[in-house]
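Trainee: With the sequence up front, the predicted model follows.
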Amino acid sequence: MESVPEIRKKLREKLHDARNDQKWNILGKKRATLAEEEVQEEDISLTKLKEVCLHFKKSQSVTLIQQIKRTVVKGDDFIQVFLRVDGCLQILTKHLSGNDTQLQLETAGCVTNLVTGSHKSTFMVLKATAAYLITFLHGSNPLLQDQAAWALGNMAADCQQCRKYLKNQGLEAALVSLLTSTHTSVVESCIFALSSYTKWKDVSIRNLVDLDLVKLISDIITWPDIKPRILTDFSEIMLRLGSEEGPWELTSHWQLIGQTLAKRLNEVSDIDVTLAILRCLTNMVVGDVSDEAFYLPVHSCITKMLHSDVKLLRLECVRLLGNTVAKPNCPVFRLVELINSVMVPMLNSHEEAKIQALFLLNIIANHRREIAQTLVPQLLFESLNSIQQSPTSSSEVLILARMLTANLL
Amino acid sequence: MVRNMKVAYDVQQKIASFIPPLGRLPPWDPYFQENTITGRDSRKQCMLELDKEEFLHKSYKEFRCGEGGCQANFNNIQSYESHYNSIHRHVCSKCKKSFPSDHLLSIHITEVHSSFFLSAAKKSGEPIYECLVEGCVLKFMESQARKEHLIKEHKYPADFRFSTFKQKITKSNTQDAMETDEVCHKVKDIHNRNKSSKVNKPGVEEPNKLQIRVPKTICFGYGSPRGFHRGAPQYRGKGKTKHWHQTSETGKSITNVEDISMQDLEKALDDGRK
């Protein structure tokens, strides 16, 4: 027969287990949803969406806004259904400018998706909501700032008319000022928005530079845990900045960005990110960013990427090398190093590499004619001779080899 | 000869396919458009979930904001912080109106609460109404001109909620004022006590139309303390949990604080002394 303390202990343990089970049951139900990596789109038809929109007009429900938000990602047809329901956009705008923060956030998310459709629907939503979103960028709620920047980035990616509207409403100053935010997600959304905004011909980069853009983004590139997507967006902004000659290239911030990007090039493995960084470095190298802190990491990376399976990466490496050797003030020792370590081995590789190496050597021979002969090692002459005498050399290779021989002699 | 030209053209094309263009290229250059990684056009990004860590936020028993008499309730810290940052960060200390940004708040304070602003407007004849867009340095003589500038130049919607500022309407001043929703609980001004000559039917109470002008955050005596607390009774003041004007059931009093005069007070004191 058990004693009273033993019985009490057993009861206590049972109660403890029952409470634990209850807790884990509740968590289990929640975690079942959390385990899904991507939230599923709402599986409702166009007709059903229209009913949801009519219901939304009458009721201020966060759930309805969420449902609409998840449905309109399916395409422009769904966005058009929402916009055609009379008064829906006005009510959405009213929620966006209201006092209920939860409604505001969900509405901003809904707007983010509504502007992923055609120009017509994007412009309609932009005219109604962009002014509020830009006002929120100057506010103090980081969640709202994050969402607003995201939505504005989508709007900026649409067309010239949208970008002009956004510029007139003060988007540039708002985005640049938000780069100093202490919240990582806010800065990331800003980088995305700036990347969407600056990659077009109708946008003047000088206004942004005057707002201290280069200085502010130089602080961001030094983050240790920068995400690949953000690095890509960042590189696209740099590509745009580097596509024009300007006084910002003479600043220390520019040099720092170049050196940091060159270091990152060796650390990333994603093709998207590598390509984006390579492209912006190719523009930057035309300027004055070519000191050792920049050049050495780039050189080690190029030597590997010239043998990559991805043609785009190989092409981009050749572009970078071409811009480097074409510079009139490229140091002689660097040219010698590139010829010996990169171009001569390419002459002994496959046809594409031979053509590219001969092209680069022709650039050197044309641009640095006075020192071309002293640059050319004996090894190169031997390679050229063997190419010209080989029966398997293609017409393209032979033509370029003869051009080079003529330039050197 | 034609064949030679064709061969030369083919050679040229083949070389060009291996040789990229040099120099600085802008993002819209055809070279980048032709050489992209297929299927990765990510100009616009959709969002599906506002907060992926929603279920990781610790839930608390429902608590009230309480800031400035705010009645909003929350059960987690994140939503409370979001609410506070949106609604209570840029609040006018004089009229308790809330604004979405510091810039709009400072314009409101200058135009509505600064007596110097009005006199400067009249005397100097210079434009004083600042544009609402941060970064735009233009100023205007009248708020209507500013509104037109916002619509015409900055492409703001005509019904932009934060585009007009209203001052308290006094005898000497009837200028435009700002319309924003107020955070503090404010009972509408519908005072109608002792002015009606109607006789109430027996058993029917006159509907309460008393005006309570004392904000709920003002305590006479104990009342409810300010600040963030879980709402348990032990954290509230002794005796009464709320003062009479802080409860919603204020209709039972027949006395309107605003209508008490000095003579009434003297009479009450004399009665007390007796």
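Mentor: It's in.
Trainee: Next one: the host helix or strand of residue A:167, is it in contact with chain B?
Mentor: Using DSSP states H and E, residue A:167 maps to helix A:160-168. Yes - using C-beta under 8 Å from any C-beta of the partner chain, helix A:160-168 reaches chain B at A:165, A:168. C-beta here means a position set from N, CA and C on the backbone, and glycine is covered the same way.
Trainee: State the mean pLDDT of that helix.
Mentor: On average, the pLDDT along helix A:160-168 is 95.
Trainee: From the rest of the structure, what touches that helix?
Mentor: A:119, A:122-123, A:126-127, A:130, A:134, A:152, A:155-156, A:197, A:200, A:202-203, B:153-155 (C-beta atoms under 8 Å, 6 or more residues apart in numbering or on different chains).
Trainee: can you do 6 Å?
Mentor: Residues from elsewhere that reach helix A:160-168 (C-beta atoms under 6 Å, 6 or more residues apart in numbering or on different chains): A:126, A:155, A:156, A:202, B:154, B:155.
Trainee: buried set for it?
Mentor: A:162, A:163, A:165, A:166, A:167, A:168 (16 or more other C-beta atoms under 10 Å in any protein chain shown).
Trainee: The contacts of helix A:160-168: which two are farthest apart?
Mentor: Greatest spatial distance among the contacts of helix A:160-168 (C-beta to C-beta): A:202 and B:154, at 17.9 Å.
Trainee: quick one, which of the two is more surrounded?
Mentor: Under the criterion of other C-beta atoms under 10 Å in any protein chain shown, the comparison of residue A:202 against residue B:154 puts residue B:154 first, with 20 against 11.
Trainee: Which pLDDT value belongs to the more buried one?
Mentor: Reading off the model, residue B:154 has pLDDT 94.
Trainee: On the three-state scheme, it is what?
Mentor: coil (DSSP: H, G, I helix; E, B strand; the rest coil).
Trainee: residue contacts, it?
Mentor: A:168, A:169, B:133.
Trainee: phi, psi of it?
Mentor: phi -90, psi 0 (degrees, to the nearest 10).
Trainee: List the buried residues in stretch A:252-260.
Mentor: Buried residues in stretch A:252-260 (16+ other C-beta under 10 Å): A:253, A:254, A:255, A:256, A:257, A:258, A:259, A:260.
Trainee: Same question for stretch A:240-249.
Mentor: Neighbour-count burial for stretch A:240-249 flags A:240, A:241, A:242, A:243, A:246, A:248, A:249 (criterion: 16+ other C-beta under 10 Å).
Trainee: Tell me which helix or strand the second one sits in.
Mentor: In this case it means residue A:241. Residue A:241 belongs to helix A:228-242, assigned by DSSP H and E.
Trainee: With just CA atoms, put that helix into CSV.
Mentor: The C-alpha trace of helix A:228-242 is given here as CSV (Å, rounded to 0.1, in the frame of the first residue of the first chain):
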residue,chain,number,x,y,z
PRO,A,228,23.1,37.8,-50.3
ARG,A,229,19.9,39.5,-51.7
ILE,A,230,20.9,42.8,-50.1
LEU,A,231,24.5,42.4,-51.4
THR,A,232,23.0,42.1,-54.9
ASP,A,233,20.8,45.1,-54.5
PHE,A,234,23.8,47.0,-53.1
SER,A,235,25.9,46.0,-56.1
GLU,A,236,23.2,47.2,-58.4
ILE,A,237,23.3,50.7,-56.8
MET,A,238,27.1,50.7,-57.1
LEU,A,239,26.8,49.7,-60.8
ARG,A,240,24.6,52.7,-61.4
LEU,A,241,27.0,55.0,-59.5
GLY,A,242,30.0,53.6,-61.3
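Trainee: Low-confidence stretches in chain B?
Mentor: Applying pLDDT under 70 to chain B flags the ranges B:1-2, B:38-42, B:48-58, B:121-122, B:164-259, B:272-274.
Trainee: which residues of it fall in helices?
Mentor: Using DSSP state H, the helices assigned to chain B run over residues B:2-18, B:30-34, B:77-83, B:102-112, B:115-124, B:143-152, B:262-273.
Trainee: Specify the angle between the fifth one and helix B:102-112 in degrees.
Mentor: What that stands for is helix B:115-124. Between helix B:115-124 and helix B:102-112, the angle comes out at 70 degrees (axes from the mean of the first three to the mean of the last three C-alpha atoms, to 10 degrees).
Trainee: residues near residue A:145, how many?
Mentor: Residues near residue A:145, counting by other C-beta under 10 Å: 26.
Trainee: Quick check: pLDDT value at it.
Mentor: With respect to pLDDT, residue A:145 scores 96.
Trainee: just residue A:400 next, same as before
Mentor: Here the pLDDT value assigned to residue A:400 is 87.
Trainee: What helix or strand is it located in?
Mentor: Residue A:400 belongs to helix A:395-408, assigned by DSSP H and E.
Trainee: Residues touching that helix, excluding its own?
Mentor: So helix A:395-408 is in contact with A:354-355, A:358, A:361-362, A:365, A:372, A:376, A:384, A:387-388, B:11, B:14-15, going by C-beta under 6 Å, 6+ apart.
Trainee: same question, stretch B:20-40
Mentor: A:199, A:201, A:239-240, A:243, A:283, A:286, A:312, A:315, A:318-319, A:322-323.
Trainee: same question, stretch A:58-68
Mentor: Here stretch A:58-68 has contacts from A:42, A:52, A:56, A:102, A:106, A:110, using C-beta under 6 Å, 6+ apart.
Trainee: Mind giving me the packing neighbours of the helix or strand hosting the last one?
Mentor: In the assignment (DSSP H and E), residue A:110 maps to helix A:101-114. Contact partners of helix A:101-114 among helices and strands, from 3 or more C-beta pairs under 6 Å, 6 or more residues apart in numbering or on different chains; DSSP states H and E: helix A:62-71, helix A:88-96, helix A:142-156.
Trainee: Which among these is found nearest to residue A:332?
Mentor: helix A:142-156 (45.1 Å).
Trainee: from the chain's centre, how far out does that closest one sit?
Mentor: The chain centre lies 16 Å from the centre of helix A:142-156; the measure is C-alpha atoms, centre = their mean, to the nearest Å.
Trainee: Could you list the alpha-carbon positions for it in CSV?
Mentor: C-alpha atoms of helix A:142-156 as CSV (Å, rounded to 0.1, in the frame of the first residue of the first chain):
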residue,chain,number,x,y,z
PRO,A,142,10.3,50.5,-38.0
LEU,A,143,7.8,47.9,-39.0
LEU,A,144,5.8,50.5,-41.0
GLN,A,145,9.0,52.0,-42.4
ASP,A,146,10.1,48.6,-43.6
GLN,A,147,6.8,47.8,-45.3
ALA,A,148,6.5,51.3,-46.8
ALA,A,149,10.0,51.1,-48.3
TRP,A,150,9.2,47.7,-49.7
ALA,A,151,6.0,48.9,-51.3
LEU,A,152,7.7,52.1,-52.7
GLY,A,153,10.5,49.9,-54.2
ASN,A,154,7.9,47.9,-56.1
MET,A,155,6.3,51.1,-57.3
ALA,A,156,9.7,52.5,-58.4
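Trainee: In terms of secondary structure, what does that helix contact?
Mentor: Judged by 3+ C-beta pairs under 6 Å, 6+ apart, the packing partners of helix A:142-156 are helix A:101-114, helix A:119-137, helix A:160-168, helix A:184-198.
Trainee: Residue A:211 contacts residue A:176, correct?
Mentor: Yes - counting by C-beta atoms under 6 Å, residue A:211 touches residue A:176, with 4.4 Å between them.
Trainee: Tell me which of those two has more neighbours.
Mentor: residue A:176 (22 against 17).
Trainee: which helices and strands sit right next to the one helix or strand the more buried one maps to?
Mentor: When elements are defined using DSSP H and E, residue A:176 is found to belong to helix A:171-178. Counting contacts by 3+ C-beta pairs under 6 Å, 6+ apart, helix A:171-178 packs against helix A:119-137, helix A:184-198.
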